[in-house]
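Q: Make a model of this:
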Amino acid sequence: MKLGIRAHDIGTLPPKDLVDSLVEKGFHSIQLVLNKAIEYQTQMPKILDEELVEELSLFLNESHVEVAMLGAYFNPIHSDKEKVKDSVENFKNHLRKAHCFNTTLVGTETGSYNDDQWTFHESNGSEEAFLEVKRVFSQLLEVAKESNTYLAIEPAYQHVISTPRRLKRLIDELNHPNTVVTFDLFNLLSNENYKNQHRLIDEMVELFHDKIRIVHAKDFMVENQQIRQVAPGKGLLDYKYLLSKLEELDQEPTIIFEGVVGEDISYSQQYLLELLQS
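A: I've put the predicted structure just below:
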C-alpha cells in the first residue's frame, strides 16, 4: 500500500516549493486541496487557473509525485444555498480537471446543519438531511460519468452520513458506478463506540471491499471522556489490525496522513512503514 500525506499539512507554498518539500519528506502520493496547499496569486478558483494547473502538474510529474485524490470538501446541507450552489460548481470543476493531475478521485464529506462548524446537530441523522445529500450528490455524479471520474464519499460520526450502514444506504440509492469511499476510522469514532474499533473496521471492509480507495491515517486518545486526535503510532488505534483488514480489499488503497504535521510526520511515517513492511 502506498503511503501519502495531505499536501497542505506540509504547508501552503508556491508549487515548486511544495513539491520539493513533499519529496524531501519522502512522500510520492498526496491528497491535494489546491486552495489550501498552493500559495498563488489568482482572482479565480485555483482549479480554473490553467497556468497554475499546468505548472503544478509539471512539477508533480517531474518529481514522480502522484495525486491520489483531489479534495473539494463542502457542506451539501449548508443553510446558505448560494454557498452550496457555488460549492457544487467548484466540485464539478474538480471532476472535470482531475485528469490534469492524473487522478480520477475527488472527495468530500457529507456536512452538518451547523453550517461551517461541521459539528454534531440533532437533525443530521434525519431523513430530510439524507435525501438532500443524495439529491446534491446525484448532480455531481452526472459530471463524474461524463469525465470518467469518481465521487469519493467520506462518512463521519457527526455528519449526515455518520455510520457505515448509512453510507451503504446512500451508495445503494445513488446506484451509480462512479462512487467510491474514503475510509477514516477516526471520523467514525465516538465515546460510545471507540472500544469497538475492530467491529467498525470489519464493517467498513465488509460493506465497501470494492469501493474503498483512500484511507486516512490518524490516531486517537481519550481524555476527560473526549476523543482527541493524535499522530499515528501515538494513540489507541490498532494499526496492525487495520492494515491486515485492508489487505482484504479488492483494490489496494492509498493511505493518506491527515492532520499530521511537524515532527509527527517523520515519526508516523516510520511507524507505518515498519508495519507495512512487516
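
Q: neighbouring contacts of stretch 186-205?
A: 109, 154-157, 162-165, 181, 183, 185, 212, 216, 218-220, 222, 225-227, 229, 236-238, 241-242, 245-246, 248-249 (C-beta atoms under 8 Å, 6 or more residues apart in numbering). For every residue, glycine as well, the C-beta is placed using N, CA and C.

Q: so how far is the first residue of that stretch from its last?
A: Across stretch 186-205, the terminal residues are separated by 15 Å (C-alpha to C-alpha, to the nearest Å).

Q: tell me which residues in that stretch are buried?
A: 186-189, 194, 197, 200-201, 203-205 (16 or more other C-beta atoms under 10 Å).

Q: now swap in stretch 244-254 and tell me
A: Quick answer for stretch 244-254 (16+ other C-beta under 10 Å): 245-246, 249, 253-254.

Q: just curious, which of these is nearest to residue 50?
A: residue 254 (26.8 Å; C-beta to C-beta).

Q: Is that closest one in contact with residue 214, as I believe?
A: Yes - shown here, residue 254 and residue 214 form a contact pair, counting by C-beta atoms under 8 Å, at 5.8 Å.

Q: and for those two, which residues touch both?
A: With C-beta under 8 Å, 6+ apart as the test, residue 254 and residue 214 both reach 68-69.

Q: Turn the buried ones among the contacts of stretch 186-205 into a named ChimeraX selection, would you?
A: In ChimeraX, a selection of the buried entries from the contacts of stretch 186-205 looks like this (16+ other C-beta under 10 Å):
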select :109,154,155,156,157,162,163,164,181,183,185,212,216,218,219,220,227,229,237,242,245,246,249
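
Q: who's in contact with residue 225?
A: Contacts of residue 225 (C-beta under 8 Å, 6+ apart): residue 191.

Q: residue contacts, residue 37?
A: Residue 37 touches 7-8, 10, 12-13, 18, counting by C-beta under 8 Å, 6+ apart.

Q: most neighbours, which of the residues you listed?
A: Each of these was scored by neighbours using other C-beta atoms under 10 Å; the highest score is residue 7's, at 28 neighbours.

Q: can you pull out the strands in the chain?
A: 2-6, 29-32, 66-71, 105-108, 150-153, 179-183, 212-217, 219-223, 226-230, 254-257 (DSSP state E).

Q: Ok, which of those comes nearest residue 80?
A: strand 105-108 (16.7 Å).

Q: what pLDDT, on average, does that closest one get?
A: For strand 105-108, mean pLDDT is 98.

Q: ditto for stretch 202-211
A: Rounded mean pLDDT across stretch 202-211 is 98.

Q: repeat for stretch 116-124
A: pLDDT averaged over stretch 116-124 gives 96.

Q: Give me the buried positions along that stretch.
A: 118, 120-121, 124.

Q: what residues are up against the spatially closest residue to residue 169 that is not a sequence neighbour?
A: Among residues not flanking residue 169 along the chain, residue 130 sits closest, at 7.7 Å (C-beta to C-beta, 6 or more residues apart in numbering). Shown in contact with residue 130 (C-beta under 8 Å, 6+ apart): 160-161, 166, 169-170.
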